[in-house]
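Undergrad: generate a structure from the sequence data that follows.
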Amino acid sequence: MKTILIQVNEHVPEAVAANARLQAWCEEQEVACSEADKRGSGAVLSPPDLIVALGGDGTLLRAVHAAHSFEAPFLSVKFGRLGFLSGAPADRLIEAVSAALSGKVPLEYHTLLDARVYSGAEEIARCQAVNELVLRGAATHMLTTTFAINGHVFNEVSGDGLIIATATGSTAYALSAGGPVLAPSFEGAEIVPLAPHTLANRAVVTDRDDTVRIELPDPTRADVALFFDGTPLVLDGRPVSAVEVRIAPEKLSLVKFDAHNAYAVVAREFFGIEHDTEPDKTGPVPILSEPVSSGENQERAGA
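TA: Here you go, the predicted structure:
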């Protein structure tokens, strides 16, 4: 039996109604489904065949972290404010889910960040992020950080903190801080100073195999806050001396039932420019695979 995990934005009536339609369809088709927010904190479930997010991009991020797995593909259906990662229009939800379960849709692969947090030589926390990792001062004081790339010190920055973002996250918080929009197929990351106290502020773009190490040279100001995709990372009051960030070996796979040119999506979301033509399959688009089965996708995601 096929299984679906659903993440729904319950603050959006249209998303709630769509969830009811989807669950009714699942019952008719003998597809097992459950809601991520209603499984219980102690639930241990095998990876589903498909994870569906009904809302905006924020709902998809919640689904990713609720699933605790990147083995299954994710289908995001936009009902919220932003839909950069949307894979199907709301009026084709059932059609998109059916096609995704049968493996007859292309998948788009997105890089993830893998971050390790240290207090002295001890690793005290680890997380993965789709969009970004944010390092900020826990209080209102200025935070000074030194960051190195592959062991070579690159810069010392004083300000509110640092953002390290993927190409996916380049249209989120990093963009608000002055970072560039990266091509969705780019597999590296960008380092964006957050409100730096300087007249020479530049974002830095790193390669896929680079390791970024952020250090806090002033131990009296090591009370920092870390956020992954907007969620606070629990540090239990431990002082932070360093954070190491790499591109994770896993990838997030998104169903693209209704794939549009990535730059057309940016134009629509930021500038309100609508394209009346069919989705552009000739221009620059994110990495798309041939139609694959769920099992094949699991192998690729772990490659």
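Undergrad: show the end-to-end separation of stretch 208-223, please.
TA: 30 Å (C-alpha to C-alpha, to the nearest Å).
Undergrad: average model confidence for it?
TA: Stretch 208-223 comes out with an average pLDDT of 89.
Undergrad: kindly report the same for stretch 16-36.
TA: Stretch 16-36 carries an average pLDDT of 95.
Undergrad: ditto for stretch 138-156
TA: Stretch 138-156 carries an average pLDDT of 91.
Undergrad: again with stretch 242-259
TA: Taken as a whole, stretch 242-259 has a mean pLDDT of 94.
Undergrad: how is this protein partitioned into domains?
TA: With domains defined by automatic domain parsing, the chain comprises 3-106+256-301, 112-249.
Undergrad: how about a markdown table for these, with mean neighbour count added?
TA: Any C-beta I mention is one placed from the backbone N, CA and C, and that applies to glycine too. Converted to a markdown table, the domains of the chain look like this (neighbours: other C-beta atoms under 10 Å):
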| stretch | mean neighbour count |
| --- | --- |
| domain 3-106+256-301 | 17 |
| domain 112-249 | 18 |
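Undergrad: could you tell me the least trusted of these?
TA: For the domains of the chain, mean pLDDT drops lowest on domain 3-106+256-301, to a mean of 80.
Undergrad: distance from that domain to the middle of the chain?
TA: Centroid separation for domain 3-106+256-301 versus its chain: 13 Å, with C-alpha atoms, centre = their mean, to the nearest Å.
Undergrad: am I right that residue 66 falls within a helix?
TA: Yes - counting by DSSP: H, G, I helix; E, B strand; the rest coil, residue 66 is located in a helix.
Undergrad: surely it and residue 7 touch.
TA: Yes - judged on C-beta atoms under 8 Å, residue 66 makes contact with residue 7 at a distance of 6.1 Å.
Undergrad: so for these two, which residues contact both of them?
TA: Counting by C-beta atoms under 8 Å, 6 or more residues apart in numbering, the contacts common to residue 66 and residue 7 are 36-37.
Undergrad: tell me who's in contact with the closest residue to residue 36 other than its chain neighbours.
TA: Leaving out its chain neighbours, the residue that sits closest to residue 36 by C-beta to C-beta, 6 or more residues apart in numbering is residue 66, at 4.0 Å. Residue 66 sits next to 5, 7, 36-37 when contact means C-beta under 8 Å, 6+ apart.
Undergrad: mind checking which of the residues you listed are in strands?
TA: Among those, the ones falling in strands (DSSP state E) are 5, 7.
Undergrad: CSV for the contacts of residue 66, including distance to residue 154?
TA: Shown next, in CSV, are these (distance: C-beta to C-beta, whole Å):
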residue, distance to residue 154
5, 40
7, 37
36, 39
37, 41
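Undergrad: this completes my enquiry, with thanks.
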